[in-house]
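Asks: Build me a model from this:
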Amino acid sequence: MTNFMPFYGRHAIEFTAKRPVTVIYGENMWGKTTILNAFRWVWYGTALDRFKNNIAKRRLVNWDAVDERNFSMQVDLFFLVDKDEFQLSRKIQPKYEESIPERDTDFEEILFLTKNDRSIKTSDIQPLMNGLLPLKVSDFFLFDGEQLDEYEQLLLDPDSQSSLIQDSIEDILGLPALTNAIKDLGVNHKEAAKRQRSLAAKDRAAKSYVDMAERTEAAIDNTEMDLQQLAEQRNTIIREIQSIDKSLRETAGIESEIQRLNDIQSNIKQLRDDLTRLEDERKRMLAGGWVDLVTPVVSQRLEELRNEQSKYISSLEHIGELHARLKQIEKLLFERLCPLCGQSYPENMMPSAERDRGEIELSLENVQLDQDRLNYIGDAIRKLSKITTSGAAAALQQIEENTRRSNVNLVGLETKRDDIQRKLEGHDQALIAENRSRHNQLMKRLGTIEEHIKEKQNQLQRLKSEAADYRNKIGQTAGPQLTRLNRELNIYESLIDIYTGAVEHLKRQLKVDIEVDATRVFLKLTTDPSYKKLQINERYGLTIIREGDREVPLRSAGAEQIVALSLISALNMNAVRRAPIIMDTPFGRLDPTHRANVLKVLSNMTHQVVLLVHSGEIDRGADIDRISNQIDSEYAIERLSGVRSGIQKSSYLAGGT
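Replies: Numbering: from 1, shown residues only. Below is the predicted model of the structure:
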């Protein structure tokens, strides 16, 4: 990591395959979660705050580096997949060296990857990384122990939020291999049906069925496209709902007062908007009717000015492009390195680059831009745009009456608001109200989309049934030349049925395997002898079953964490590809006995585990000594200043502190 959040300068952590566990110590707010984010950012190009919102790029750059006007940041990752060696690098730097970047668009992101010392094309890197470990399953490998209970709460929740995690679990377990095969068979089936219709169109008896089949297939394509778009919208909304659910649960006790305040503030805002509108309308009415006389002239002049402004803006954009290109060429000539791949730039290409620089500098000299004229145009447009057609002044009396009534109502609402705010002192009222309002909006939109999805699914089922009926009629009506095609269609349909059945069978079997493996881990972790097993549901949620085959209805935060760890362990045991697990604050809610039990099973969870822990959740004596034979290396995060941390290899296992 180089200048990544609190880590100023370059910091390295080495992981080897000698032993499965790496431990990184650090107190709260020193940078443990930053290390978790470093893995996520270099892999996916995104870092998340505690509410799972994306962190802006400016905030990813170390503050001390920013004070030195160094706005560059970089994370490098060396890793193995099977026997292939990869080196991944992701870097951000300002687009323009002389400017101070404020927004994400002010930065350029540089992505570089080699596989066995061979450079991968930039456009192929992110798809490759997503293929190795898809973003939507990353939470099962990069997770915050304080939020482990969210997995189980979502999977036990009957609403549609559980669908995202369910899909992620099935990705981990390899179901896409079968579902993709079904999709491929569906494509082949469509192509065969198309050939059938093409051949049958020559048969007079089958022609009418062909036309109807063509229309039905087109409707199927459109419906499937609509379903895909609706599913994407649904998943986006679900992810946003999940990001604010945690904070809403923490403030549930004051929801009633917050809702009242929200309603009152909404009404106050509406009244103030009404008063502003009434005042604006009053002024406009008082201005008289002279505006109507000049409106045509003003409109024509505005059009002329906007056309001229557009030409100036195009010139500015062209100048910006020339400066960016000039900067790249000057950097190339100075560093003798290709700015895209980082390789040495051929010496014989330098004269060409020099010529390009000269041509660009000449172009910049030839570009004419009258900034004073541009400022004048912008100012004129703003002033002229304010001139709009006015109505008659007859409504002034009604405006005054509405203003008086609104002011009376406003005073009453502000008094109620102040009373509620005194009750809510110490709470972030604006944030809580905003979260609740946004949550309600999202849930409403989600319900609407779910209804549309069901309608589209029913429509698709009817269309597919109609299409199958037309194919049968075409096959029965047309001549013998279609015999082979009809047989081919029947084979595809049979294969699709077989694969669909196989998917359902595999899902059932995987649920059994996960339930067995999760139960085995859970019984090693739990300290309650009355717990007998875990029981899985259709969404892969796990319920604790105690003596007498009775469910445990209410679970503590610690129990939720143990169940979630059992699920994650079972998923890794059954996954198509086992990946390292990086756990941030994994023992925060566990008592010493549960913590000791978790430490015992760490090496069974996967081949490589990274623990990010603080002193309050783990004993570097008893706990670490218990798993010393599993630990590959230890690191300690040091707090160097209010905005800077360092990381160094720890010597505890060697007898240090």
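Asks: could you say what helices and strands the longest helix belonging to the chain packs with?
Replies: Secondary structure of the chain per DSSP state H: the longest helix is helix 429-477. Where contact means 3 or more CB pairs under 8 Å, 6 or more residues apart in numbering; DSSP states H and E, helix 429-477 is packed against helix 175-200, helix 207-250, helix 255-286, helix 483-525. The way it works is simple: take the backbone N, C-alpha and C, and place the C-beta from them, glycine included.
Asks: Give me the buried stretch members for the shortest one, please.
Replies: If I follow you right, that is helix 175-200. For helix 175-200, a neighbour-count test (16 or more other CB atoms under 10 Å) marks 175, 178, 182, 185, 188-189, 192-193, 196-197, 199-200 as buried.
Asks: can you put the helices and strands packed on helix 429-477 in JSON lines and add mean pLDDT and distance to residue 318?
Replies: Below are the helices and strands packed on helix 429-477 laid out as JSON lines (pLDDT from 0 to 100; distance: least, CB to CB, whole Å):
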{"stretch": "helix 175-200", "mean pLDDT": "83", "distance to residue 318": "45"}
{"stretch": "helix 207-250", "mean pLDDT": "84", "distance to residue 318": "36"}
{"stretch": "helix 255-286", "mean pLDDT": "83", "distance to residue 318": "40"}
{"stretch": "helix 483-525", "mean pLDDT": "88", "distance to residue 318": "55"}
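Asks: Could you dump those into CSV and include distance to residue 31?
Replies: Below are the helices and strands packed on helix 429-477 laid out as CSV (distance: least, CB to CB, whole Å):
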stretch, distance to residue 31
helix 175-200, 36
helix 207-250, 22
helix 255-286, 34
helix 483-525, 29
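Asks: looking at those, which is closest to residue 111?
Replies: helix 207-250 (23.3 Å; CB to CB).
Asks: So which elements touch the closest one?
Replies: Helix 207-250 packs on helix 149-156, helix 162-172, helix 175-200, helix 429-477, going by 3+ CB pairs under 8 Å, 6+ apart.
Asks: how far out from the middle of the chain is that helix?
Replies: Averaging C-alpha positions (CA atoms, centre = their mean, to the nearest Å) puts helix 207-250 19 Å from its chain's average.
Asks: Then stretch 85-102?
Replies: 21 Å.
Asks: Would you mark the buried spots in that stretch?
Replies: Buried, per 16+ other CB under 10 Å, within stretch 85-102: 86-94, 101.
Asks: now swap in stretch 36-47 and tell me
Replies: 36-45, 47.
Asks: Likewise for stretch 452-471?
Replies: Buried residues in stretch 452-471, defined by neighbour count with 16+ other CB under 10 Å: 452-453, 456, 459-460, 463, 466-467, 470-471.
Asks: which one of the residues you listed is nearest residue 637?
Replies: Nearest to residue 637, judged by CB to CB, of the buried residues of stretch 452-471 is residue 453 at 46.0 Å.
Asks: so what's the nearest residue to the closest one once chain neighbours are set aside up against?
Replies: Leaving aside its chain neighbours, residue 453 sits nearest to residue 230 (5.1 Å; criterion: CB to CB, 6 or more residues apart in numbering). By CB atoms under 8 Å, 6 or more residues apart in numbering, residue 230 lies in contact with 449, 452-453, 456.
Asks: Look up how far residue 41 lies from the residue lying closest to residue 644 once chain neighbours are set aside.
Replies: Spatial nearest neighbour of residue 644, chain neighbours left out: residue 8 (4.8 Å); criterion: CB to CB, 6+ apart. To residue 41, residue 8 is 17 Å away according to CB to CB, to the nearest Å.
Asks: one step back: tell me the angle the longest helix of the chain makes with helix 175-200.
Replies: Put simply, helix 429-477 runs at 40 degrees to helix 175-200, going by axes from the mean of the first three to the mean of the last three CA atoms, to 10 degrees.
Asks: Tell me what angle helix 429-477 forms with helix 207-250.
Replies: Helix 429-477 runs at 160 degrees relative to helix 207-250, counting by the same axes, to 10 degrees.
Asks: average pLDDT across helix 429-477?
Replies: Mean pLDDT, computed over helix 429-477, is 86.
Asks: what do you get for stretch 566-581?
Replies: 84.
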